[in-house]
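*Asks:* after the sequence you'll find the predicted model.
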Amino acid sequence: MASTNPAPNGYYNRPSDDLWWAIFTRDNPRIDYRQNQVRVSQMLPNDSGDVRRNTKGKLVAIPGMGREGEEWLTWNRPYMEELFKDKEVWIPPNNQHTLSELIDTFNQIWKFQLSARDFYDQNIEITTLPATFQVVMRPTCLCFQGTLTLHVGNPKVHIGEVIINRDLAGLQYPTDQRVKAQGPLMVFERNFTFAGQTLKEKFGYDDLISADQLDILNDLFEQQWTMSNATTDWNLQGATVVYNGPTIDSPSPCNTDYENVLLIQLDDVLCGNVAGHLNLHYNVIKAPK
């Protein structure tokens, strides 16, 4: 987990163009021109063999804006289906008639800022629930690619010279890998306030997850986790509490709409299908006096 303070409100909470420009300027601090003076005119798969950067694009100066020339760059654009691997993204129904309206709710829940410039919008008709829709990212989207699957309804339980670095770091997966599911996004959208007092009292810093804590978590999740000394899926053996406190002080990006977050770091070896840590967001409801 990258250490930041205060915690960013989500991993990708900027419009895609601004998110890409932030990557570009971060990796090229010597540039002295503005975002509106250049544009990315072409994007292709990166065939250099660099597995950490899947995209190459041509940065060109916009005529009449005081710059000239062009430069090829490489960076990473995460696949939506890999960001939410083994994770169903549910959107509450609210009389939506377009994919854009579904994405507006997705952005609010998952702290993205996707717009119709990033994906192919279309009219939709929701006649029965649950309903499933595919949101296909446009090839011109600078930050993401692939297909985002949205389920509408209720889930089964209560998404040049001054360029000194041409190989941009790009957007990375929250766990910096793509083989296992992304732990930080596994329950990112869930509201655990109904169990907030229990989470606050029963999970202490540096706790090694116990059988009692496993029972508490399995009461909260649809997916039942286990504890085994062998590598297996959904395994909390060896998992530890790395933080339990205010979201504004979290060492990892979280949803700061909530007051608190519990971070449980999974064992890299023993948990076979999920990597990183779990984010459990919650508020503590104070009893009336």
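*Replies:* Here it is on my side, so go on. All figures in this text were calculated on a predicted structure; none of them were measured in a lab. Numbers count the residues shown, from 1 in each chain.
*Asks:* output the below-cut-off pLDDT ranges for this structure.
*Replies:* 1-7, 155-164, 287-289 (pLDDT under 70).
*Asks:* show me where it has helices.
*Replies:* Here the chain has its helices, by DSSP state H, at 16-27, 80-83, 99-110, 183-186, 196-202, 211-220.
*Asks:* out of the ones you listed, which one sits most buried?
*Replies:* helix 183-186 (a mean of 23; mean count of other Cβ atoms under 10 Å). C-beta: built from backbone N, CA, C; applies to glycine.
*Asks:* and the contacts of it?
*Replies:* For helix 183-186, contacts defined as Cβ atoms under 8 Å, 6 or more residues apart in numbering pick out 11, 83-84, 86-87, 110, 159, 174-175, 252-253, 266, 274-279.
*Asks:* separation between Val261 and Gln172?
*Replies:* Per Cβ to Cβ, to the nearest Å, Val261 is found 21 Å from Gln172.
*Asks:* dihedrals phi and psi, Arg117?
*Replies:* phi -70, psi -20 (degrees, to the nearest 10).
*Asks:* which residues touch it?
*Replies:* Shown in contact with Arg117 (Cβ under 8 Å, 6+ apart): Ser16, Asp17, Arg138, Thr140, Cys141.
*Asks:* find the nearest non-adjacent residue to the fourth one, please.
*Replies:* Take Thr140 and drop its neighbours on the chain: the residue closest to it by Cβ to Cβ, 6 or more residues apart in numbering is Met43, 7.1 Å away.
*Asks:* circling back to that earlier point, of Val261 and Gln172, which one has the most company?
*Replies:* Between Val261 and Gln172, counted using other Cβ atoms under 10 Å, the more crowded position is Val261 (28 against 14).
*Asks:* contact partners for that one?
*Replies:* Here Val261 is in contact with Tyr243, Asn244, Gly245, Pro246, Thr247, Ser250, Cys254, Asn255, Asn279, Leu280, His281, Tyr282 (Cβ under 8 Å, 6+ apart).
*Asks:* can you add distance to Thr127 and neighbour count and give the residues you listed back as TSV?
*Replies:* Shown next, in TSV, are the contacts of Val261 (distance: Cβ to Cβ, whole Å; neighbours: other Cβ atoms under 10 Å):
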residue	distance to Thr127	neighbour count
Tyr243	44	24
Asn244	43	21
Gly245	45	15
Pro246	43	15
Thr247	38	23
Ser250	41	27
Cys254	36	27
Asn255	32	21
Asn279	34	27
Leu280	35	26
His281	33	24
Tyr282	35	24
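*Asks:* out of the residues you listed, which two sit at the greatest distance?
*Replies:* Spanning the widest gap among the contacts of Val261 are Asn244 and Asn255, at 15.1 Å by Cβ to Cβ.
*Asks:* domain-wise, how is this structure divided?
*Replies:* Here the domain parsing of the chain from automatic domain parsing is 80-152, 181-282.
*Asks:* turn those into a markdown table, including distance to Asn165.
*Replies:* Below are the domains of the chain laid out as a markdown table (distance: least, Cβ to Cβ, whole Å):
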| stretch | distance to Asn165 |
| --- | --- |
| domain 80-152 | 17 |
| domain 181-282 | 24 |
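*Asks:* mind checking which of these is nearest Thr55?
*Replies:* Per Cβ to Cβ, nearest to Thr55 of the domains of the chain: domain 80-152, 7.8 Å.
*Asks:* and the end-to-end length of that closest one?
*Replies:* Terminal residues of domain 80-152 are spaced 17 Å apart (Cα to Cα, to the nearest Å).
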